[in-house]
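Colleague: let's see this in three dimensions:
(2 chains)
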Protein chains: 2
Amino acid sequence: MTRGWTLDALVEGVRSGERRALARAITLVENSDPLAYELIRELYPSTGSAYAIGVTGPPGVGKSSLISALVRQVRAEDASVGVISVDPSSPFTKGALLGDRIRLADHFLDPEVFIRSMGTRGHLGGLAEATLQAALVLDAAGKDLVLLETVGAGQSEVEIISIADTVLLVLMPGSGDSIQALKAGIMEIPDVIAVNKRDHPAAKTMVNEVRSILALDTERDWQPPIVLTEAVRGEGIEELWSEISAHRSHLESGGLLAERRAKNLAGEVFAVASARAKAHLEGAVGDDPELQRLLEAVQRRELDPLTAVREIMEKVFKVHEDGVGPNTR
Amino acid sequence: MTRGWTLDALVEGVRSGERRALARAITLVENSDPLAYELIRELYPSTGSAYAIGVTGPPGVGKSSLISALVRQVRAEDASVGVISVDPSSPFTKGALLGDRIRLADHFLDPEVFIRSMGTRGHLGGLAEATLQAALVLDAAGKDLVLLETVGAGQSEVEIISIADTVLLVLMPGSGDSIQALKAGIMEIPDVIAVNKRDHPAAKTMVNEVRSILALDTERDWQPPIVLTEAVRGEGIEELWSEISAHRSHLESGGLLAERRAKNLAGEVFAVASARAKAHLEGAVGDDPELQRLLEAVQRRELDPLTAVREIMEKVFKVHEDGVGPNTR
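Modeller: This is a model prediction of the structure:
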């Protein structure tokens, strides 16, 4: 799997920001390769200097164009950038997503920009683990900024980029589900909101709608700014960047950034452990004839599903739920 | 917690479809009460005769109105119905969802209809477990049909209602995120699709768009029909019901229903066990000072997150990952 890279060479290569080493490292992460684990262990003590920005939003709103424009903006300020786009597994077509990636091609020749699209189909530890590892690699490589992109806007997608210091939600007029999800409290409130395609006749209406939803939540110490953008033409990007920077300053003043990072890291460890437990369970149930027999008894309605769950918990995780309900664990 | 109900009285009450017993049983489910576990264990052998229909879709598209209209339709055919609406936890407002519930009030006086809105904030085993248990209660009560409603249209919401025999996705013109998510393959393909608010000028365009997305997937043995509805006025409901019934006939011919139920039950046992593992982990990390110290070491960048995960897995689940990476478990 390592194709000639020793751990030392990888560590050295990543630390000096060498492209081939970064590409190799992230491939190892994608493949859940044991060497990725050792690499992250080596690199971790020297991470923590990159500022991480998570970019999320429904498919098709122009996240990749917006990221491309943001990269141009920050490159003008001479900051180095890493971009990780996490592709969800797709059952039958990836056309739209591949098209998106092409919009980032402008930056492929800039040595201070590293862009990587990452699949997660095979990753045992799930999206959270793969994203965390990739972000740590870019952090250790000395990138000033790390942008993490996920497609989707549900709670689970926001969780994936919850290692980010600032979360940017990208919407466009017509992404009605997201507005409704924000309104119903299903979607987490992000730190900054971009309403892309600002030339759309309904753009201003949408800004007002988002603003009125945010106004319902009076308890936050940071009121998320809403910025109108037109990513393809680079419009509104300077303002968007200045709002992201304002959120960063807000966190850096008064120790909020350290607090948020401590919370994010703990959440991330928890999410990765949950995903690992799930993968372990999947493997155990697949391999073990006794667990297969349990499932068959449930299917024949001879054994109720929750007793089956209890037996699986005992056998796979040595977790005993003391005879009665989950309340009493 | 049981307020005077013995297990025997509950089992008897649920079996005879008594409203107060059903209401009590689902409250016990919501609260993860140990009695709910015993109740389901008693009832399970006599379940399996109800036909379960899952209804999902983004917030605000009119799912509750559509369910209300479907209930009216099936009541005309003299079938008994149970409806479980699963509310996602909301951080700051539930206004929109409460409004939705009111639309079901038409049926509150019909003894053959049982409607319950269920919160899941406190449920240890997560949404999947609560929904499964509630559906089994209504099944055991002899309801011919059980409708399960979830808000949202991401993969996780579809998973929650994956115990359903038929999954209905409700969209409306303007629910652009869902269309994009279907297109990108992020959203699972449902069995039947309703495009609600058919008077909207963009309704037909939307139907064509959905149809062209579905046409990309040529491997399914069932091509999901798309029905235009106007739930508030009851329009298109007969056609929708006949398409749902057609899907049911499709499953019942050739043993597909038994196959799907076996698969659904196995998936459900797996989902509940995963959620339990996650809850167990949460409890363990919260209670154990040693695990707290691990997290603090990660926050100080003295211990890398994946080594912390490994130690947590060993301590909490007795799962040993053999020195190297997750690949080698």
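Colleague: for chain A, give me the ranges with low pLDDT.
Modeller: Within chain A, the segments meeting pLDDT under 70 span A:1-3, A:88-106, A:119-125, A:152-158, A:322-329.
Colleague: all the strands of it, residue numbers only.
Modeller: In chain order, chain A shows strands spanning A:51-56, A:81-86, A:113-118, A:145-150, A:166-171, A:192-195, A:226-228, with DSSP state E as the criterion.
Colleague: would you list the ones you listed in CSV and tack on distance to B:H107 and mean neighbour count?
Modeller: Where you see a C-beta, it was placed from the backbone N, CA and C, and this is true even at glycine. As requested, the strands of chain A are arranged in CSV below (distance: least, Cβ to Cβ, whole Å; neighbours: other Cβ atoms under 10 Å in any protein chain shown):
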stretch, distance to B:H107, mean neighbour count
strand A:51-56, 39, 24
strand A:81-86, 44, 24
strand A:113-118, 48, 21
strand A:145-150, 40, 26
strand A:166-171, 36, 26
strand A:192-195, 39, 26
strand A:226-228, 41, 20
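Colleague: nearest to chain B, out of those strands?
Modeller: Distance to chain B, taken as Cβ to the nearest Cβ, is lowest for strand A:166-171 among the strands of chain A, at 9.1 Å.
Colleague: returning to what we had before: could you redo the strands of chain A as CSV and give each row distance to chain B?
Modeller: Conversion of those to CSV gives the following (distance: least, Cβ to the nearest Cβ, whole Å):
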stretch, distance to chain B
strand A:51-56, 12
strand A:81-86, 12
strand A:113-118, 14
strand A:145-150, 10
strand A:166-171, 9
strand A:192-195, 13
strand A:226-228, 18
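Colleague: let's have those strands in JSON lines, adding distance to A:P305.
Modeller: Formatted as JSON lines, the strands of chain A follow (distance: least, Cβ to Cβ, whole Å):
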{"stretch": "strand A:51-56", "distance to A:P305": "34"}
{"stretch": "strand A:81-86", "distance to A:P305": "33"}
{"stretch": "strand A:113-118", "distance to A:P305": "35"}
{"stretch": "strand A:145-150", "distance to A:P305": "32"}
{"stretch": "strand A:166-171", "distance to A:P305": "37"}
{"stretch": "strand A:192-195", "distance to A:P305": "41"}
{"stretch": "strand A:226-228", "distance to A:P305": "45"}
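Colleague: tell me which of those lies nearest to B:S212.
Modeller: Nearest to B:S212 among these is strand A:166-171 (24.1 Å), distances taken as Cβ to Cβ.
Colleague: could you find the closest non-adjacent residue to A:A202?
Modeller: Nearest-residue entry for A:A202: A:P173, 3.9 Å, with adjacent residues in sequence omitted and distances by Cβ to Cβ, 6 or more residues apart in numbering or on different chains.
Colleague: can you count the residues close to the one you found?
Modeller: A:P173 has 23 neighbours, counted by other Cβ atoms under 10 Å in any protein chain shown.
Colleague: likewise A:Q292?
Modeller: Counted with other Cβ under 10 Å, residues neighbouring A:Q292 total 13.
Colleague: and the longest helix anywhere in chain A, what's buried?
Modeller: Longest helix in chain A, counting residues (DSSP state H): helix A:256-287. Applying a neighbour-count criterion of 16 or more other Cβ atoms under 10 Å in any protein chain shown, the buried positions in helix A:256-287 are A:257, A:260-261, A:264-266, A:268-281, A:284-285.
Colleague: and that helix with strand A:51-56, angle?
Modeller: Per axes from the mean of the first three to the mean of the last three Cα atoms, to 10 degrees, the angle that helix A:256-287 makes with strand A:51-56 is 60 degrees.
Colleague: now do helix A:256-287: which elements does it pack against?
Modeller: In this structure, helix A:256-287 packs against helix A:126-140, helix A:237-252, helix A:289-299, helix A:305-317, helix B:256-287, helix B:289-299, helix B:305-317, with contacts taken as 3 or more Cβ pairs under 8 Å, 6 or more residues apart in numbering or on different chains; DSSP states H and E.
Colleague: go again with 7 Å.
Modeller: Based on contacts counted as 3 or more Cβ pairs under 7 Å, 6 or more residues apart in numbering or on different chains; DSSP states H and E, the elements that helix A:256-287 packs against are helix A:126-140, helix A:237-252, helix A:305-317, helix B:256-287, helix B:289-299, helix B:305-317.
Colleague: can I get those in CSV with distance to B:E112?
Modeller: Supplementary listing: the helices and strands packed on helix A:256-287 in CSV, determined by distance: least, Cβ to Cβ, whole Å:
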stretch, distance to B:E112
helix A:126-140, 44
helix A:237-252, 54
helix A:305-317, 27
helix B:256-287, 24
helix B:289-299, 51
helix B:305-317, 46
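Colleague: for A:E230, the count of nearby residues, please.
Modeller: Counted with other Cβ under 10 Å, A:E230 comes out at 19.
Colleague: the nearest residue to it once chain neighbours are set aside and B:L168, how far apart?
Modeller: Distance criterion Cβ to Cβ, 6+ apart; nearest residue to A:E230, sequence neighbours excluded, is A:R198 at 5.0 Å. Computed as Cβ to Cβ, to the nearest Å, the A:R198 to B:L168 distance reads 36 Å.
Colleague: then A:E238?
Modeller: From A:E238 across to B:L168, the span is 46 Å (Cβ to Cβ).
Colleague: repeat that for A:Q299.
Modeller: Separation of A:Q299 from B:L168 (Cβ to Cβ) stands at 24 Å.
Colleague: kindly report the same for A:T150.
Modeller: With distances taken as Cβ to Cβ, A:T150 is found 27 Å from B:L168.
Colleague: wait, isn't A:L291 in contact with A:V285?
Modeller: Yes - using Cβ atoms under 7 Å, A:L291 is in contact with A:V285, at 4.8 Å.
Colleague: shared neighbours of those two, anything?
Modeller: Where contact means Cβ atoms under 7 Å, 6 or more residues apart in numbering or on different chains, the residues bridging A:L291 and A:V285 through contact with each are A:I312.
Colleague: and B:G185, which of the helices and strands packed on helix A:256-287 is closest to it?
Modeller: If you check each of the helices and strands packed on helix A:256-287 against B:G185 by Cβ to Cβ, helix A:126-140 wins as the nearest, at 15.4 Å.
Colleague: ok, the residue nearest the centre of chain A to chain B distance?
Modeller: What sits nearest the mean C-alpha location of chain A, by Cα atoms, centre = their mean, is A:I161, with 2.9 Å. For A:I161, the distance to chain B (Cβ to the nearest Cβ, to the nearest Å) stands at 15 Å.
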